[in-house]
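>>> Could you look at this predicted model? Sequence included:
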Amino acid sequence: MNRVLILGGTGDAAELTARVAKIPGIEAIASLAGRTREPSVPEGNVRIGGFGGVSGLANYLCQMQVDLLIDATHPFASQISWNAAAAANQVNIPRLMLIRPPWEKVVGYRWVEVDNHQAAAKVLEKQAKRVFLTVGRQELGAFAHLKNIWFLMRMIDPPGADALVPSGVILCDRGPFALENERQILIQHNIDTIVSKNSGGNATYPKIVAARELGIQVVMINRPPIPLGEQVADVDGAVTWLLDQIG
């Protein structure tokens, strides 16, 4: 029996875990960081919580006798990806990154690309009045100083009581989102700018399509660097890699 640890938190990870569970000779363990209060938990063997850095993850891989590691975390959860690379190297097991392709700017989009949330805030300061902020609750503080801008802030869980939060309204919701829903939100709240991470995938892309249709500017935050290593772009590629590894 081969054991694979799947670092999850994305829809791709959940789909991969379900696919792997049907492959004879492989036992899958899905790991979730536990940052959301009611995470979408895949079926099967699931672990929730952090590992305690590189050493903690390496110890877990040894204790659980994990043979293969697949990193299918969110594109912006870069720290766990770096920890996974170091831990897999330390215990000498194969590692794969399942990374969905980023969204690409096409004709008709009004995009401004920035490298971090602080740079996004600077762009807003110059030209925005009503912003649809879709970067998650952990990054709200980067925009809290913008007192002359109204924000509609969408996230899965509400921020903590002591969190720095911009002026505006909090909307708690979980994707996938329909195009009509996104279009209605932008019109109803008279949004002039969207701030989004370039997460890729289909679940939250309709807001970008709606922005293009309505001529609304998007401030797109580029992905952070990731470690070197084998990569695939979809679940099929990850399953193929896994089958190749077990022969």
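Structure's in. What do you need? Since the structure is predicted, the reported quantities are computational estimates derived from the model, not experimental observations. Residues are numbered from 1 along each chain as shown.

>>> okay, CA-based contacts and neighbour counts for the rest of this
OK.

>>> what is the rounded mean pLDDT of stretch 236-247?
Average pLDDT, stretch 236-247: 93.

>>> Give me the residues contacting it.
Here stretch 236-247 makes contact (Cα atoms under 8 Å, 6 or more residues apart in numbering) with 2, 16, 19, 20, 96, 98, 232.

>>> ok, and for that stretch, which residues are buried?
The neighbour-count check on stretch 236-247 (16 or more other Cα atoms under 10 Å) flags 238, 239, 241, 242 as buried.

>>> CA atoms of that stretch as CSV?
Presented in CSV, the C-alpha positions along stretch 236-247 are these (Å, rounded to 0.1, in the frame of the first residue of the first chain):
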residue,chain,number,x,y,z
ASP,A,236,-5.9,14.5,-14.5
GLY,A,237,-2.2,15.4,-14.6
ALA,A,238,-1.8,14.7,-10.9
VAL,A,239,-3.4,11.3,-11.2
THR,A,240,-1.2,10.4,-14.1
TRP,A,241,1.9,11.5,-12.1
LEU,A,242,0.7,9.4,-9.1
LEU,A,243,0.2,6.3,-11.2
ASP,A,244,3.7,6.7,-12.8
GLN,A,245,5.2,6.9,-9.4
ILE,A,246,3.7,3.7,-8.1
GLY,A,247,4.6,1.9,-11.4
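
>>> Find out how far that stretch is from the centre of the chain, if you would.
23 Å (Cα atoms, centre = their mean, to the nearest Å).

>>> what does stretch 61-74 give?
19 Å.

>>> Endpoints of it, how far apart?
Counting by Cα to Cα, to the nearest Å, you get 21 Å between the two ends of stretch 61-74.

>>> same question, stretch 183-202
16 Å.

>>> residues of that stretch that come out buried?
Buried, per 16+ other Cα under 10 Å, within stretch 183-202: 183, 185-186, 191-201.

>>> who does the longest helix along the chain touch, helix- and strand-wise?
If you go by DSSP state H, the chain has its longest helix at helix 78-91. Counting by 3 or more Cα pairs under 8 Å, 6 or more residues apart in numbering; DSSP states H and E, the packing neighbours recorded for helix 78-91 are helix 53-63, strand 68-71.

>>> State the pLDDT value of residue 22.
89.

>>> That one: which element?
Of the helices and strands defined by DSSP states H and E, none includes residue 22.

>>> same deal with residue 28?
Using DSSP H and E, residue 28 falls in strand 26-32.

>>> Parallel or antiparallel, list what pairs with that strand.
Strand 26-32 sits in its sheet next to strand 2-7 (parallel), strand 45-48 (parallel), going by DSSP bridges.

>>> Comparing those, which comes out most buried?
When you average the neighbours per residue for each of those (mean count of other Cα atoms under 10 Å), strand 2-7 leads with a mean of 22.

>>> Break the protein into its domains for me.
Domain segmentation of the chain under automatic domain parsing yields 2-101+225-246, 111-221.
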